[in-house]
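In: Model the structure of this input:
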Amino acid sequence: MIIRTVTEKDAHELLEIYRPYVEDTAITFEYDVPSVEEFSDWIRRISANYPYIAAVENGKIAGYAYAGVFKNRAAYDWSVEVTVYVKKGLHRKGIGAKLYSALEKLLAAQHITNLYACVAYPEKEDEYLTFDSVNKVGVDLNTASVSLLEYISGISKTIAKNIVDYREENGKFTSRSQLLKVAKLGPKAFEQCAGFMRISDGKNPLDATGVHPESYDATKAVLEKLGYTMEDVKNRNVVGISKKISDYKALADEAGVGEITLRDIVKELEKPARDPREDMPKPILRSDVLEMKDLTPGMVLKGTVRNVIDFGCFVDIGVHQDGLVHISEICDRYIKHPLEAVSVGDIVDVQVMSVDLKKQRIQLTMKIGQGTDKAGKSEHSGSGKNNVDNKADRSNRNNGGKNSRNDRNSTGSKNNNNRNKKPHYIKGKKNNFFDNIILDN
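Out: Next up is the predicted model:
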């Protein structure tokens, strides 16, 4: 498979890929299939400023992807909306991932730092719109917001709020079975949602996979039969397990499950479950701070933003438990969402406000040296200026901005000068510019 730049001559072939999405689903927000002429015009207009690429296999286009304007305001010059379409019948073959990876590389070369995707999601699943987007990926049970949890099968708005309340009261989940302790989350809801809830570093490595708890015993039997252990699951050493199975029916009978269930189990075990944040920079650790018990209120540390959610962000400070910076503690100015001030991968300075060893919870602030009631006096003298919100980069952080001292492009590589670089629009020179970037598989 090769990835190449799309031209207007590809309009007809791309339109045939796009057609079923319009006719059979609601995800395009379109009622009518555009004409070849209209589609060709789209290609021409989008390609004037952004990459428009296709995945080609055996001479046929298997899928395509492109980037477009996110919002028509100067503050969003470093942001784009990305779109990927894969030919019907070719899904789950890694085509979309390859297209996205190539698109990300091209956008990084244009100094684009933020990539957004709009996903259509229904309140009730039907033949035109399904729950696949979230339910096939799953969510991190210990960081997911109420609004995200609502999208999981079996989880209502009330239950989603109860999950977050339980997490706040009792600390992070260490087992999927704890969901049954959440108010109003009964056995039926658990049956529907458990497989989509992920717990990293939990008591059971299977809680981090898409294997449903009701299949845990069968999964353990299969692993033992094939010479694997739970440690192999934890360390992701089970990729290729399917190659060890010569007779699915016989193994399914031995494990006490159906053949289809066995294939689903193997498929989930083989998924890399790779967290892209692992490629991001490690926090700069202090030699005297290695565990939670070493933390004291007022202590100032450097950390890496690992996750950004509606009500704040989680920062890795090197003590095996991320600390939460509430949205009100990110910067002095008013922000509607944490992404207006921080992004995943940013290196930030934080001050410890409180530590709860029992609940395994750390509360942090980015308002260094401002002496809140919960935070003790800082161990390090400072100017008292917010390390995120400073005049030098305030004008460039209206949405999705990066920490100016450690700006990162979409691929995670250092790009400290992006704030001083306008996006590299290549009007009239699109082919020459993109052809200089290697896009093969």
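
In: In the stretch 251-400 of the chain, what residue spans correspond to helices?
Out: 259-270, 391-394 (DSSP state H, counting those that start in this stretch).

In: mind checking which of those is nearest Ser156?
Out: helix 259-270 (25.7 Å; Cβ to Cβ). Every residue, glycine included, has its C-beta placed from N, CA and C.

In: Quick one: residues in contact with the closest one.
Out: The list of residues contacting helix 259-270 from outside it, by Cβ atoms under 8 Å, 6 or more residues apart in numbering, reads 209-211, 215, 218-219, 222-223, 233, 238-242, 245, 248-249, 251-252, 255, 257.

In: The same query, at a cut-off of 6 Å, please.
Out: Thr209, Gly210, Val211, Ser215, Thr219, Val238, Val239, Ile241, Ser242, Tyr248, Lys249, Ala252 (Cβ atoms under 6 Å, 6 or more residues apart in numbering).

In: related to what we said a few turns ago, just name the most buried of the helices of the stretch 251-400 of the chain.
Out: Of the helices of the stretch 251-400 of the chain, the one with the most neighbours on average (mean count of other Cβ atoms under 10 Å) is helix 259-270, at a mean of 18.

In: For it, output the C-alpha coordinates as PDB.
Out: What follows is helix 259-270 as a C-alpha-only set of coordinates in PDB (Å, rounded to 0.1, in the frame of the first residue of the first chain):
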ATOM      1  CA  GLU A 259     -15.900 -20.300  18.700                       C
ATOM      2  CA  ILE A 260     -17.000 -16.700  17.900                       C
ATOM      3  CA  THR A 261     -16.500 -15.700  21.500                       C
ATOM      4  CA  LEU A 262     -13.000 -17.200  21.400                       C
ATOM      5  CA  ARG A 263     -12.100 -15.300  18.300                       C
ATOM      6  CA  ASP A 264     -13.300 -12.100  19.900                       C
ATOM      7  CA  ILE A 265     -11.200 -12.800  23.000                       C
ATOM      8  CA  VAL A 266      -8.100 -13.400  20.800                       C
ATOM      9  CA  LYS A 267      -8.700 -10.300  18.800                       C
ATOM     10  CA  GLU A 268      -8.900  -8.200  21.900                       C
ATOM     11  CA  LEU A 269      -5.800  -9.700  23.400                       C
ATOM     12  CA  GLU A 270      -3.800  -9.100  20.200                       C
END
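
In: just how off-centre is it within its chain?
Out: Once both centres are worked out by Cα atoms, centre = their mean, to the nearest Å, helix 259-270 turns out to sit 24 Å from its chain's centre.

In: Taking the contacts of helix 259-270, please make a PyMOL selection of just the buried ones.
Out: Buried members of the contacts of helix 259-270, defined by 16 or more other Cβ atoms under 10 Å, are picked up in PyMOL with:
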select buried, resi 209+210+211+215+219+238+241+252
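
In: So, low pLDDT: which residues of the protein?
Out: By pLDDT under 70, the weakly predicted segments of the chain are 92, 119-137, 272-287, 371-441.

In: try 50 this time
Out: 273-277, 279, 371-420, 422, 424-441 (pLDDT under 50).

In: could you pull out the strands for it?
Out: Ranges of strands within the chain are 2-5, 52-57, 60-69, 79-86, 114-116, 139-140, 197-198, 300-309, 312-316, 323-326, 347-356, 361-365, based on DSSP state E.

In: Reformat the ones you listed into CSV and put distance to Leu148 and mean neighbour count next to each item.
Out: Shown next, in CSV, are the strands of the chain (distance: least, Cβ to Cβ, whole Å; neighbours: other Cβ atoms under 10 Å):
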stretch, distance to Leu148, mean neighbour count
strand 2-5, 31, 17
strand 52-57, 29, 22
strand 60-69, 24, 20
strand 79-86, 19, 20
strand 114-116, 16, 17
strand 139-140, 6, 18
strand 197-198, 11, 22
strand 300-309, 8, 21
strand 312-316, 14, 24
strand 323-326, 16, 23
strand 347-356, 23, 21
strand 361-365, 20, 22
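
In: on that earlier part again, among the helices of the stretch 251-400 of the chain, which comes closest to Gly312?
Out: Per Cβ to Cβ, nearest to Gly312 of the helices of the stretch 251-400 of the chain: helix 391-394, 19.9 Å.

In: one step back: with distance to Arg167 as added columns, please give the strands of the chain in a markdown table.
Out: Below are those laid out as a markdown table (distance: least, Cβ to Cβ, whole Å):
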| stretch | distance to Arg167 |
| --- | --- |
| strand 2-5 | 41 |
| strand 52-57 | 40 |
| strand 60-69 | 35 |
| strand 79-86 | 31 |
| strand 114-116 | 27 |
| strand 139-140 | 11 |
| strand 197-198 | 12 |
| strand 300-309 | 12 |
| strand 312-316 | 12 |
| strand 323-326 | 11 |
| strand 347-356 | 13 |
| strand 361-365 | 9 |
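
In: rewinding a little: kindly reformat the helices of the stretch 251-400 of the chain as a markdown table containing distance to Pro205.
Out: A markdown table is the format used below for these (distance: least, Cβ to Cβ, whole Å):
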| stretch | distance to Pro205 |
| --- | --- |
| helix 259-270 | 10 |
| helix 391-394 | 41 |
